[in-house]
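Student: no sequence on this one, just coordinates:
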Ligand SMILES: Cc1cc2nc3c(=O)[nH]c(=O)nc-3n(C[C@H](O)[C@H](O)[C@H](O)COP(=O)(O)OP(=O)(O)OC[C@H]3O[C@@H](n4cnc5c(N)ncnc54)[C@H](O)[C@@H]3O)c2cc1C
């Protein structure tokens with residue numbers, strides 16, 4: 001991996017979450033010089049800094065909908081025992097992603113934040129980066145915003161959307177944490193004996209050699225809130241197990257009424273999140289069978305952010321597109337995860353699964369920023385309504401939209417044409433793993 005940053009690249013990708021990793025690997029494999037800029041000292045975004053696990057559903061019947069670079073990442077994690085089923089460790093993700101970036105000759109600028117965008121009308125010319133040794137201006141022909149927060153659109157003064165159209169609500173924030181020393185046999189026996197205290201979607205034939213999910217403990221949570229032992233915004237306890245036995249990852253803290261694009265709100269969120277973690281751990285140890293000897297292994301580096309800005313692109317993916325399993329002439333990826341909104345204040349949480357076997361497609365137009373000549377967007381901030389975003393935000397789908405942006409910018413660069421002049425048929429051939437069953441353009445189910 002080259003460590004001396006140049007002043008000019010073919011493609012700059014901003015944000016090294018799963019979308020940015022996939023975008024830059026794909027673009028570099030097309031022969032482009034690619035700089036991937038990341039404000040943290042490591043890659044992975046929500047998959048590592050947020051400690052989010054597991055990968056959400058991305059297959060129907062026997063068909064895996066997201067393959068491509070996502071599958072390469074998965075394979076590397078499984079090889080180093082960092083992933084079983086769909087559960088993985090942040091550390092394993094970081095190593096696998098570093099390895100993939102290195103092998104693909106992506107240049108990486110860590111501890112480096114994009115702080116401004118220079119434009120000539122609608123064409124981005126350069127970015128100003130804040131590096132540990134000061135500001136640096138870098139030019140490129142094409143730019144990909146995988147910052148999660150549509151940061152390039154914001155800094156470049158392109159229009160964007162944020163929150164619910166009527167209330168302005170953004171989804172709740174969650175600080176993940178990981179426990180060790182869990183007696184899972186005892187914990188799941190208790191769950192089986194108290195089914196009424198858990199979500200209706202739960203399955204009770206626990207195979208402890210696999211990743212299992214448990215969500216509920218409603219009466220314990222209610223009682224703890226009544227006794228002042230737990231923050232009143234916590235609604236339930238939700239954990240999934242991890243590859244090593246006796247470990248579990250908790251998606252339980254519930255931080256409301258804050259905007260993760262505000263420094264003040266993010267600071268409050270960290271404080272509230274860390275307070276809730278202490279309370280939940282104590283509750284588990286003292287009140288929940290199977291957790292008596294458990295201990296806190298780690299909390300995520302930062303609070304998990306589900307929703308902030310959304311790009312305005314040439315097409316906006318709607319909740320109906322998700323629910324109806326919409327298909328598009330310019331499809332670049334597929335998904336089967338339904339609408340999943342973690343409610344805010346008086347807003348009810350919503351989880352609407354697609355009927356079994358149903359999937360939707362994501363159109364290329366949702367990655368092309370309206371009125372921008374050389375800017376693409378991938379990951380959780382692609383062009384969508386709030387409902388649409390709540391479905392396409394999962395990690396496998398973010399990888400697939402990142403890969404599509406990398407392929408598109410790579411082809412445009414090779415031919416020295418604009419992103420809108422790329423022939424869709426050529427792009428489709430590059431994305432065949434994410435679009436068809438047999439890796440063949442003729443087979444689309
Ligand atoms: C609490 C929670 C639970 C979730 N549960 C699941 C789940 O179970 N399964 C699932 O599949 N998905 C889940 N998700 C969704 C998923 O984790 C994220 O939507 C997805 O990882 C986002 O990927 P991304 O690459 O778009 O963005 P991110 O992972 O957010 O990456 C963006 C990157 O850009 C960097 N960045 C931002 N601004 C700048 C800048 N100006 N300069 C340089 N770098 C910058 C950030 O540091 C970050 O590394 C969950 C999300 C949350 C928050």
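Tutor: Happy to help now that I have it. Predicted model, so just to flag it, every value in this text is computed and none were measured.
Student: What about residue 226, how many residues nearby?
Tutor: 10 (other CB atoms under 10 Å). Heads up, the C-betas are built off the backbone N, CA and C, glycines and all.
Student: just residue 332 next, same as before
Tutor: For residue 332, the count of nearby residues is 27 (other CB under 10 Å).
Student: Then residue 119?
Tutor: Look at residue 119: counted by other CB under 10 Å, it has 17 neighbours.
Student: How about it: what's its closest non-neighbour residue?
Tutor: Excluding the flanking residues, the one nearest residue 119 by CB to CB, 6 or more residues apart in numbering is residue 156, at 5.8 Å.
Student: pLDDT averaged over stretch 264-274 - what is it?
Tutor: Across stretch 264-274, pLDDT averages out at 98.
Student: Is it in proximity to the ligand?
Tutor: No - Stretch 264-274 lies apart from the ligand when judged by CB under 6 Å from any ligand atom; the minimum separation is 10.1 Å.
Student: What is the burial count for residue 168?
Tutor: When counting by other CB under 10 Å, one arrives at 10 neighbours for residue 168.
Student: And for the one 5 residues further on?
Tutor: Residues contacting residue 173 under the criterion other CB under 10 Å number 29.
Student: same deal with residue 381?
Tutor: Residue 381 has 32 neighbours, counted by other CB under 10 Å.
Student: Could you list the residues in contact with stretch 149-160?
Tutor: Residues outside stretch 149-160 that contact it (CB atoms under 8 Å, 6 or more residues apart in numbering) are 14-15, 114-117, 119, 124, 127, 143, 145, 260-261, 305, 308-312, 369-372, 375, 377, 381.
Student: which parts of the longest strand along the chain are buried?
Tutor: In the chain, with assignment by DSSP state E, the single longest strand is strand 134-145. Across strand 134-145, burial judged by 16 or more other CB atoms under 10 Å covers 138, 140, 141, 142, 143, 144, 145.
Student: which one among the residues you listed gets closest to the ligand?
Tutor: Of all the buried residues of strand 134-145, residue 145 has the smallest distance to the ligand: 9.0 Å, by CB to the nearest ligand atom.
Student: So that closest one sits against residue 12, correct?
Tutor: No - using CB atoms under 8 Å, residue 145 makes no contact with residue 12, being 9.8 Å away.
Student: So which residues on the protein come close to the ligand?
Tutor: Counting by CB under 6 Å from any ligand atom, the chain comes close to the ligand at 14-20, 37-40, 45-47, 50, 52, 54-56, 113-114, 146-149, 151, 174, 251, 304-306, 379-380, 393-395, 398.
Student: Among those residues, name the ones in helices.
Tutor: Within these, residues falling in helices by DSSP state H are 18, 19, 20, 151, 395, 398.
Student: which residues does the last one contact?
Tutor: This points to residue 398. Going by CB under 8 Å, 6+ apart, the list of residues near residue 398 reads 17, 18, 19, 22, 378, 379, 380, 392.
Student: Ok, the second one next?
Tutor: With contacts defined as CB under 8 Å, 6+ apart, residue 19 is in contact with 45, 146, 148, 378, 379, 380, 398, 399, 401, 402, 405.
Student: Go ahead and confirm the second one touches residue 17.
Tutor: In this case it means residue 146. Yes - applying CB under 8 Å as the test, residue 146 and residue 17 come out as touching, 6.1 Å apart.
Student: ok, those two, which is more surrounded?
Tutor: Remark: of residue 146 and residue 17, residue 146 carries more neighbours, 35 against 28, as counted by other CB under 10 Å.
Student: Chain neighbours aside, what residue packs nearest to that one?
Tutor: With sequence-adjacent residues excluded and distances taken as CB to CB, 6+ apart, residue 146 is closest to residue 20, at 3.5 Å.
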